[in-house]
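Asker: 3D model of this:
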Amino acid sequence: MTDLAAFARDKGVKYFMISFTDLFGGQRAKLVPAQAIADMAEEGAGFAGFATWLDMTPAHPDMLAVPDPATVIQLPWKPEVAWIAANPVMEGAEVAQAPRNVLRKLVAQAADQGLRVRTGVEAEFFLLTPEGTEISDPADTAEKPCYDQQAVMRRYDVIAEICDYMLDLGWGPYQNDHEDANGQFEMNWEFDDALVTADRHSFFKFMVKSVAEKHGLRATFMPKPIAGLTGNGCHAHISVWTPDGATNAFADDNMELGLSEKGRAFLGGIMKHATAMAAITNPTVNSYKRINAPRTTSGATWAPNTVTWTGNNRTHMVRVPGPGRFELRLPDGAANPYLLQAAIIAAGLSGLKTNADPGKRHDIDMYAEGHTVKDAPKLPLNLLDAIRALDADETFKDALGPEFAASYIKMKHQEWDSFVSHFSAWEREHTLDI
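Answerer: Predicted structure coming up:
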């Protein structure tokens with residue numbers, strides 16, 4: 001285990017950011033001087049949970065965020081500070097609703113079954129003007145801007161700086177590109193154990209925003225920040241391995257698409273619980289402007305609206321691009337890094353438990369011929385439908401943890417109520433003279 005005080009002495013670290021992620025994906029931290037880190041490492045940094053997006057009241061006791069020394073990262077852009085992920089605890093017990101704790105519990109359950117879930121994410125983001133109202137590059141106007149080499153080079157300073165940092169951190173970044181929307185980018189790094197991926201995903205969002213601010217820009221992972229353009233997805237690549245990481249339990253060359261019986265059952269769980277998962281993988285009001293979007297200026301949304309799976313075909317919710325793994329294309333940029341992984345594992349373990357059948361494979365172009373598929377469930381049309389689907393899925397809620405599920409559903413209902421009570425410009429424009 002890393003000795004944080006020794007880490008600070010060796011690396012010249014003056015402060016530690018002890019960080020946790022709340023139910024809505026907000027990253028919360030306290031800045032702790034290195035001289036105090038030994039006590040904080042043992043006892044945790046104190047927070048008022050009610051002051052964040054957690055289901056607590058002002059009467060709750062202090063919530064202590066106990067740092068996980070294995071996650072410590074010296075900020076590449078400010079080396080005197082180190083970031084560290086923490087596990088929330090209250091009165092000696094782990095906070096059951098805290099997202100990192102939810103994921104850790106599910107990782108442990110998978111391990112008890114001899115399964116090591118390994119994942120990668122494709123985190124897309126926009127680089128906007130500081131006000132967040134328009135893309136930052138006025139020359140980025142192509143109708144099909146995906147992979148535009150001129151556009152990516154105009155933002156070279158930002159993208160290369162972030163990639164250099166990932167290289168230094170040993171994440172194994174392997175490609176960066178301009179994505180399908182004007183002003184949009186994607187950066188990829190190697191897959192790893194689900195908890196490691198979640199920690200890196202969380203830090204990546206922090207890093208991208210910080211570097212963008214350093215360059216006078218604003219980065220957003222918002223699912224649909226600009227009308228008419230492709231939204232920010234966060235596709236997840238999933239495989240399951242033996243405990244030693246040597247054998248891919250999803251791989252079987254004798255099976256359809258090289259996906260083993262375990263792989264099919266895990267996929268079956270995701271297909272079965274997909275509409276409930278949407279409340280977690282697509283957690284905001286804005287999320288449903290991405291997965292139920294009309295045609296974009298580039299010609300495709302690249303987002304699903306129906307629960308279907310296929311081979312190497314990007315128009316479905318799940319594709320199997322090669323043996324031993326599959327890609328879940330449902331999540332968007334607002335997904336909580338920890339709850340995203342937790343939802344995948346919870347659904348997959350449920351599928352393994354019941355030997356769930358993923359159903360018929362469809363190899364059609366869902367954007368052009370989706371209307372011909374009559375027997376597949378539709379994804380929720382809005383956040384309220386997704387919350388209701390989650391609340392109705394008792395098996396999935398139980399897998400995630402009843403306390404977490406109750407808190408999450410309660411707070412998401414409050415978010416929806418806040419949205420529908422808001423008077424919008426659209427209402428005034430369309431009904432003032434009715």
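Asker: from what I can see residue 293 touches residue 224, true?
Answerer: Yes: contact criterion Cβ atoms under 8 Å: residue 293 and residue 224 qualify, at 6.9 Å. To be clear about C-beta, it is placed using only N, CA and C from the backbone, and glycine gets the same treatment.
Asker: which neighbours do the two share?
Answerer: The contact sets of residue 293 and residue 224 overlap at residue 231 (Cβ atoms under 8 Å, 6 or more residues apart in numbering).
Asker: compare the two and say which is more crowded by neighbours.
Answerer: residue 224 (25 against 20; other Cβ atoms under 10 Å).
Asker: give me the distance between the more buried one and residue 306.
Answerer: Counting by Cβ to Cβ, to the nearest Å, the gap between residue 224 and residue 306 amounts to 19 Å.
Asker: make sure residue 273 is indeed in a helix.
Answerer: Yes: counting by DSSP: H, G, I helix; E, B strand; the rest coil, residue 273 is part of a helix.
Asker: for burial, what's the neighbour tally of it?
Answerer: By other Cβ under 10 Å, the residues close to residue 273 number 27.
Asker: contacting residues for residue 130?
Answerer: Going by Cβ under 8 Å, 6+ apart, the list of residues near residue 130 reads 216-218.
Asker: sec struct for it, please.
Answerer: coil.
Asker: that's a strand at residue 16, yeah?
Answerer: Yes: applying three-state DSSP, one finds residue 16 inside a strand.
Asker: quick check: pLDDT value at it.
Answerer: Looking at residue 16, its pLDDT reads 98.
Asker: also residue 352?
Answerer: Value for residue 352, per-residue pLDDT: 98.
Asker: ok, and it, which helix or strand is that part of?
Answerer: Per DSSP states H and E, residue 352 falls inside helix 337-354.
Asker: could you say what helices and strands that helix packs with?
Answerer: The contact analysis (3 or more Cβ pairs under 8 Å, 6 or more residues apart in numbering; DSSP states H and E) places helix 337-354 against helix 99-112, strand 116-128, helix 194-214, strand 234-241, helix 261-281, helix 394-400.
Asker: determine how far the third one lies from the middle of the whole chain.
Answerer: Put simply, helix 194-214 sits 11 Å off its chain's centre (Cα atoms, centre = their mean, to the nearest Å).
Asker: which parts of the helix holding residue 352 are buried?
Answerer: The neighbour-count check on helix 337-354 (16 or more other Cβ atoms under 10 Å) flags 337-352 as buried.
Asker: ok, now stretch 20-34?
Answerer: So stretch 20-34, judged by 16+ other Cβ under 10 Å, has buried residues 20-25, 27-30, 32, 34.
Asker: same question for stretch 137-146.
Answerer: 137, 140, 145-146.
Asker: could you dump the helices and strands packed on helix 337-354 to JSON lines with mean pLDDT and distance to residue 63?
Answerer: Output for the helices and strands packed on helix 337-354, formatted as JSON lines (pLDDT from 0 to 100; distance: least, Cβ to Cβ, whole Å):
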{"stretch": "helix 99-112", "mean pLDDT": "98", "distance to residue 63": "11"}
{"stretch": "strand 116-128", "mean pLDDT": "98", "distance to residue 63": "27"}
{"stretch": "helix 194-214", "mean pLDDT": "98", "distance to residue 63": "18"}
{"stretch": "strand 234-241", "mean pLDDT": "98", "distance to residue 63": "27"}
{"stretch": "helix 261-281", "mean pLDDT": "98", "distance to residue 63": "22"}
{"stretch": "helix 394-400", "mean pLDDT": "98", "distance to residue 63": "20"}
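Asker: what lies in contact with stretch 205-220?
Answerer: Contacts for stretch 205-220 (Cβ under 8 Å, 6+ apart): 19, 27, 75-77, 83, 123, 125-132, 136, 157-158, 161-162, 165, 187, 221, 232, 333, 337.
Asker: can you flag the buried ones in those?
Answerer: With burial judged by 16+ other Cβ under 10 Å, the buried subset of the contacts of stretch 205-220 is 19, 27, 75-76, 83, 123, 125-128, 136, 158, 161-162, 165, 187, 221, 232, 333, 337.
Asker: I'd like to know which of those are part of helices.
Answerer: Using DSSP state H, the subset of these located in helices is 158, 161-162, 165, 337.
Asker: now residue 87: phi and psi?
Answerer: The phi and psi values for residue 87, taken as degrees, to the nearest 10, are phi -110, psi 110.
Asker: how about the contacts made by it?
Answerer: When contacts are counted by Cβ under 8 Å, 6+ apart, residue 87 touches 20, 65-66, 68, 94, 98, 100-101, 104.
Asker: check residue 122 too.
Answerer: Here residue 122 is in contact with 186, 188, 233-237 (Cβ under 8 Å, 6+ apart).
Asker: ok, it to residue 134 distance?
Answerer: 24 Å.
Asker: how about residue 326?
Answerer: 36 Å.
Asker: and residue 407, by the same measure?
Answerer: In terms of Cβ to Cβ, residue 407 sits 37 Å off from residue 134.
Asker: between those two, who's got more neighbours?
Answerer: residue 407 (19 against 14).
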